[in-house]
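**Student:** missing the sequence, but the structure's below:
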């Protein structure tokens, strides 16, 4: 039976949520939260800057750091004043919030994808720049020269290899990557949510342009093979039926010998 290429929805880990995608076993599982404790020779101390969550599915841990974002704008205040807010980020594993790359992703594209996943939380801008490079390599895989991303995208559209949504996804990645590369997008302007969206975009492109055609081709081969087998079985049954009819035709008819004796 052919497995579906569609995978479960990736739910990035959230410090306020107890159920999300585990970066270790990759299941959507429940997690328990607890403090990290330092056991010294003569004392035990809770490390206030760190917290851990443990997956109930595989018993693996995620380590989070707690820092204070000084001077953050308080949206709940009528005057929109600044206040100190606690910021919780994953420090281990480094690629915890990023969905796995598609199994059909070309190896050189996967290399950039995985490298970008390790720095997404610390530098979304750098991750987006790497993902733009991954898109360039993806275009090369799809038959383009890879010298100019804008021309490659337009050529793929002209060749009807991209629909409108797929073109928009590649253009968005290109524009965000350009902003990061040319210094137009600072870390404040290119944020983690944008980086995560680009990761999903790249998986979407691989899914639509490689995985789906690959599955269709396999299903077409399987269907053709089944049809050929059906035809062979039908021919074998017809041949067997014809042989039975031939055998019946050469057998003497009941009462034929008795009639000859009476004469």
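**Tutor:** Cool, the structure landed. As the structure is a prediction and not an experimental result, all values here were calculated from the model. Numbering: from 1, shown residues only.

**Student:** And residue 113, how far from residue 127?
**Tutor:** Separation of residue 113 from residue 127 (Cβ to Cβ, to the nearest Å) stands at 10 Å. No exception for glycine: its C-beta is placed from N, CA and C like everyone else's.

**Student:** Which helix runs longest in this protein?
**Tutor:** helix 212-250 (DSSP state H).

**Student:** Give me the distance between that one and the centre of its chain.
**Tutor:** Distance of helix 212-250 from the chain centroid (Cα atoms, centre = their mean, to the nearest Å) equals 38 Å.

**Student:** What are the buried residues along it?
**Tutor:** For helix 212-250, the neighbour count (16 or more other Cβ atoms under 10 Å) marks residue 215 as buried.

**Student:** Tell me which other helices or strands that helix touches.
**Tutor:** If contacts are counted by 3 or more Cβ pairs under 8 Å, 6 or more residues apart in numbering; DSSP states H and E, helix 212-250 sits against no helix or strand.

**Student:** Can you tell me the centre-most residue of this structure?
**Tutor:** Nearest residue to the geometric centre of the chain (Cα atoms, centre = their mean): residue 102, 4.3 Å.

**Student:** a strand runs through it, doesn't it?
**Tutor:** No: going by DSSP: H, G, I helix; E, B strand; the rest coil, the assignment for residue 102 is coil, not a strand.

**Student:** Contact partners for the nearest residue to it once chain neighbours are set aside?
**Tutor:** Among residues not flanking residue 102 along the chain, residue 206 sits closest, at 4.2 Å (Cβ to Cβ, 6 or more residues apart in numbering). With contact set as Cβ atoms under 8 Å, 6 or more residues apart in numbering, residue 206 has these partners: 101, 102, 104, 105, 109, 138.
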